[in-house]
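Chemist: based on what follows, work out the 3D shape:
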Amino acid sequence: MPTSPWKLRYAAHLGINPGDGPLFAASAPSADPLDQIRFAASLGLAGIADNNAATRPPQQLDAMGAEIARLGLEMGAIANSRLGARQSLWGRSGPEVRATLAAELGDSIAAAHRLGARHLVTVAKADPELPAAIQHANLIENLRALADIADQAGVIIALEATCPQRMPGMILRTCAQVQSVLRAVVAPCVRMVYDSCHIQYAEGNLTDNWHACQPDIAVVQIADVPGRLPPGSGEIAFPFLLRTIHDSGWPGLVELENYLPTPNLAAEQACLAALRAIDAAI
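Modeler: Okay, here's the model as predicted:
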């Protein structure tokens, strides 16, 4: 097996939000997912992430999964709970809410199996008409009910704390809040996302939060602040942060979940050059 040119196992994204293009749209022959997967492999990256996987046609997912496997890449996280991100479902209770969340989880699991993915990033929109404590309790009960489905399917529900600057009106804002939910749910298939952008906006303390949360972390995503731009373009000291992650023995992917200041070839090349410099400084 060839030696990786990278010290960490980076993954390129195929789109962060619905309608977004992939990270390297101009550098690869096309924005088609198969071309993007091949381009990521040519860079020596370790994997691919795709928030929009659950909305793709099954035939396309099958082709993507086959190419990822052929090239020896790892499929990273996909997004679960698009409804949960738009509607206040996770913080509510009742059989209809539970059935809707279970059906959506089933769709995400089906997409994950076609791709060979294991991690389903999950966010929960708040209900302004319910007290926060009630929503917190309902989120826990909903996760307990769905954990068996995830466990039997061999996937992990990865809860993400999101900052109000990027995603206003959500239930979970801090790493400690996510950990409090995990301690109450007590299910190995329910873990957390470490996202440098959201954590830096919401609370900072990226290194302390890494050490405090590492046993609970299933997904690592990185982007700089402000603006969710490429690492090295903002205020986060990425050589130090990624050295911390590397030295802790993190075995998983580090997903490049960033936008570009201007989506074009020059910006993509600058993004890669900055990442190479940061990785070399680890």
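Chemist: quick check: next helix or strand after the worst-scoring helix or strand of the chain on mean pLDDT?
Modeler: In the chain, the helix or strand scored least confidently by mean pLDDT, DSSP states H and E is helix 82-86, which has a mean of 63. For helix 82-86, the succeeding helix or strand toward the C-terminus, using DSSP states H and E, is helix 95-115.
Chemist: so after the helix or strand containing A137, what's the next helix or strand?
Modeler: For A137, the host element (DSSP H and E) is helix 132-153. The first helix or strand that comes after helix 132-153 along the chain, using DSSP H and E, is strand 156-159.
Chemist: centre of the chain to that following strand, how far?
Modeler: In terms of C-alpha atoms, centre = their mean, to the nearest Å, the centre of strand 156-159 is found 9 Å from the chain centre.
Chemist: do stretch 6-25 as well
Modeler: In terms of C-alpha atoms, centre = their mean, the centre of stretch 6-25 is set 10 Å apart from its chain centre.
Chemist: alpha carbons of it, as CSV, please.
Modeler: Taking C-alpha atoms only, stretch 6-25 is exported to CSV below (Å, rounded to 0.1, in the frame of the first residue of the first chain):
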residue,chain,number,x,y,z
TRP,A,6,-0.8,13.4,4.5
LYS,A,7,-0.4,13.1,8.2
LEU,A,8,-4.1,13.0,8.8
ARG,A,9,-6.8,11.2,6.9
TYR,A,10,-8.6,14.1,5.1
ALA,A,11,-11.9,13.8,3.2
ALA,A,12,-13.3,16.1,0.5
HIS,A,13,-17.0,17.0,0.5
LEU,A,14,-19.5,16.6,-2.3
GLY,A,15,-21.7,19.4,-1.1
ILE,A,16,-22.5,20.9,2.4
ASN,A,17,-26.1,22.1,1.9
PRO,A,18,-28.6,21.2,-0.8
GLY,A,19,-27.7,22.8,-4.1
ASP,A,20,-24.0,23.3,-3.1
GLY,A,21,-21.3,22.1,-5.4
PRO,A,22,-18.4,19.9,-4.3
LEU,A,23,-15.3,21.2,-2.8
PHE,A,24,-13.1,20.6,-5.9
ALA,A,25,-15.7,21.4,-8.7
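Chemist: ok, and for it, which residues are buried?
Modeler: Residues of stretch 6-25 classed as buried by neighbour count (16 or more other C-beta atoms under 10 Å): 6-16, 21-25. C-beta coordinates here come from the backbone N, C-alpha and C atoms, glycine included.
Chemist: widest-spaced pair of these?
Modeler: By the measure C-beta to C-beta, K7 and G21 form the most distant pair in those, at 27.6 Å.
Chemist: neighbouring strands for the strand or helix carrying A12, and are they parallel or not?
Modeler: Assigned by DSSP H and E, A12 belongs to strand 9-13. Strand pairing for strand 9-13, determined by DSSP bridges: strand 47-50 (parallel), strand 253-256 (parallel).
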